[in-house]
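1. The following comprises the amino acid sequence and a computationally predicted model.
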Amino acid sequence: MSTFTLEAAQELGLPNVLFWTVSAFTVMCFLHFPHLRERGYTPLKDESYFTNGYMDNTIDWIPGIASIRLREMPTIIWTSDPKDEFVDYFIRLMPRTCQGSALILNTFDELEHSILKEFSSMMDHVYTLGPIHLLMNDMLKDDHSTESIQSNLWKEDHTCIEWLNSKGRGSVAYVNFGSITVMTEDQLIEFAWGLANSMQNFLWIIRPDLVNGGPVVLPPEFLTATKDRGMLATWCNQELVLNHPSIAVFLTHCGWNSILESLSAGVPMICWPFFGDQQPNCLCCCNYWDVGVEIDNNANRTQVEKVVKELMEAEKGKEIKKKTLDWKSKAQKAIKPGGSSYLNLDKMIEEVLLSPKI
């Protein structure tokens, strides 16, 4: 979200609608960055504070958030630099969020009710229109002229779907760390052998630049061991994959779009947050919505194997699947006629875009 449009809209006498692409939970965290600085939570005194237990300090005074550890806050705030430019930028940016004609959030009322209730006292015009991909798909379902429009720059491998068609219902782990997340070569190897040792089918999306500072090189022994139950691709249509009946679980970096797409498809998540808003997204998935299980940033193959089996074979996986399907139903309800997001779109158009003045 950029707020430079505020002045332009004011000069032209136009409504200015701001759109945050992160969760309401994350926006609330951003809004309280100044208070974190005032109360001495940030900047960290030195680099040792990242590992000495300080990051486990609990914050329980942010409206709508019962409790959150510092390590679960957006990583922008994880700095030991008192003049961190990114933190300063957000501290300047957030008050301007409340100055727009309206604020659009890609979420739905039931998913983030407690946070949205607090927003209502901060801003008059907050509209939840999510999951936006579901709302768009439903409204454009008869408009075939938009089918070729894509929102990513990676070339999709359509053989993924053909491969999934050959697999049984709920028998595949889908692995995708998004378009930006990177990892070390050691982390790649641990994920690979964790998947191999789980003995489950898997579809793993591996970008050419996934490994930080080097090429993606998987052990030949891994490729041999998984040749009959694993597929590797560089990119895919994630919505189609997540909604395929063969998908049982999603190993994800916890980007907000991926979270919403997985919830909307009723797919449980194995959460491996990397940076930015992914830490609070992971917290919400695992602690608030009960739709995922977190694995450590330095997860080894044993942990990866264990959690994949747990979600695909064990009773815990069935419980999480049931909860995820419940959220899928609520997301679908939100974007249908009479649902909260459906009604909010009409309200936003009428109250903001068609209003002579706000």
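-> Great, that's in hand. Numbering: from 1, shown residues only.
2. Please, where are all the helices along the stretch 101-250 of the chain?
-> With DSSP state H, counting those that start in this stretch as the definition, the stretch 101-250 of the chain shows helices at residue ranges 113-119, 132-139, 159-165, 185-198, 220-225, 238-242.
3. Nearest to residue 79, out of those?
-> Between residue 79 and those, the tightest spacing by Cβ to Cβ is seen for helix 185-198, at 23.2 Å. In short, each C-beta sits where N, CA and C put it, glycine included.
4. could you point out which element follows whichever helix in the chain runs longest?
-> Residue-count comparison of every helix in the chain, with assignments taken from DSSP state H, identifies helix 315-335 as the longest. On the C-terminal side of helix 315-335, the closest following helix or strand by DSSP states H and E is helix 340-348.
5. Now do the domain split for the protein, please.
-> Structurally, the chain divides into domains by automatic domain parsing as follows: 5-128, 159-333.
6. Can you tell me how far the most centrally placed residue in the chain is from residue 72?
-> The C-alpha lying nearest the average C-alpha coordinate of the chain belongs to residue 256 (Cα atoms, centre = their mean; 2.1 Å). Using Cβ to Cβ, to the nearest Å, we find residue 256 at a distance of 15 Å from residue 72.
7. Please apply the same query to residue 224.
-> Counting by Cβ to Cβ, the gap between residue 224 and residue 72 amounts to 39 Å.
8. neighbour count winner among the two?
-> residue 72 (23 against 10; other Cβ atoms under 10 Å).
9. on that earlier part again, next up, the contacts around the residue nearest to the centre of the chain.
-> For residue 256, the contact set (Cβ atoms under 8 Å, 6 or more residues apart in numbering) comprises 21-23, 26, 106, 277, 281.
10. swap the cut-off to 6 Å and go again
-> Applying Cβ atoms under 6 Å, 6 or more residues apart in numbering to residue 256 gives the contacts 22-23, 281.
11. can you tell me how far residue 68 sits from residue 51?
-> With distances taken as Cβ to Cβ, residue 68 is found 19 Å from residue 51.
12. So for these two, which sits in the more crowded spot?
-> Set residue 68 next to residue 51 and count neighbours by other Cβ under 10 Å: residue 68 wins out with 21 against 8.
13. Which residue, other than its chain neighbours, is closest to the more buried one?
-> Residue nearest to residue 68 in three dimensions, not counting chain neighbours: residue 59, with 5.3 Å by Cβ to Cβ, 6 or more residues apart in numbering.
14. just checking, the one you found touches residue 69?
-> No - at 7.4 Å, residue 59 does not count as touching residue 69 under the criterion of Cβ atoms under 6 Å.
15. These two - which one has more neighbours?
-> Between residue 59 and residue 69, counting by other Cβ under 10 Å, residue 59 is the more crowded of the two (18 against 13).
16. Let me see the confidence value for that one.
-> Looking at residue 59, its pLDDT stands at 98.
17. Next: residue 7.
-> Looking at residue 7, the pLDDT reads 88.
18. Torsion angles phi and psi at it?
-> phi -70, psi -40 (degrees, to the nearest 10).
19. where along this structure do the strands fall?
-> Taking DSSP state E to define them, one finds strands in the chain at 17-20, 58-59, 68-69, 102-105, 126-128, 172-176, 201-205, 230-233, 247-252, 269-271, 292-294.
20. could the contacts of residue 256 go into a markdown table alongside neighbour count?
-> What follows is these, written out as a markdown table (neighbours: other Cβ atoms under 10 Å):
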| residue | neighbour count |
| --- | --- |
| 22 | 22 |
| 23 | 23 |
| 281 | 28 |
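21. Go through the domains of the chain and find the least confident stretch.
-> Looking over those, mean pLDDT reaches its minimum on domain 5-128, with a mean of 94.
22. now do the same end-to-end measure for stretch 120-136.
-> Across stretch 120-136, the straight-line distance between its terminal residues is 25 Å, by Cα to Cα, to the nearest Å.
23. Could you list the buried residues of it?
-> Using 16 or more other Cβ atoms under 10 Å as the test for burial, stretch 120-136 gives 125-135.
24. Wait, residue 233 touches residue 158, no?
-> No - counting by Cβ under 6 Å, residue 233 stays clear of residue 158, with 9.5 Å between them.
25. Compare neighbour counts for those two and give me the winner.
-> Neighbours per residue (other Cβ under 10 Å) separate residue 233 from residue 158, with residue 233 holding more: 18 against 11.
26. quick one: the more buried one and residue 243, what's the gap?
-> 17 Å.
27. Same check on residue 215?
-> Plainly put, residue 215 is 32 Å away from residue 243 if you go by Cβ to Cβ.
28. Which one's more surrounded, these two?
-> Neighbour totals were compared for residue 215 and residue 243, and residue 243 leads with 15 against 9 (other Cβ under 10 Å).
29. Would you mind listing the residues in contact with residue 241?
-> With Cβ under 6 Å, 6+ apart as the criterion, the residues that contact residue 241 are residue 174.
30. Next, give phi and psi for residue 253.
-> In terms of degrees, to the nearest 10, the main-chain angles of residue 253 are phi -80, psi -10.
31. nope, residue 157 is what I meant
-> According to degrees, to the nearest 10, the main-chain angles of residue 157 amount to phi -100, psi 100.
32. For it, grab the count of nearby residues.
-> Residue 157: 18 surrounding residues under other Cβ under 10 Å.
33. Please consider this matter closed, and thank you.
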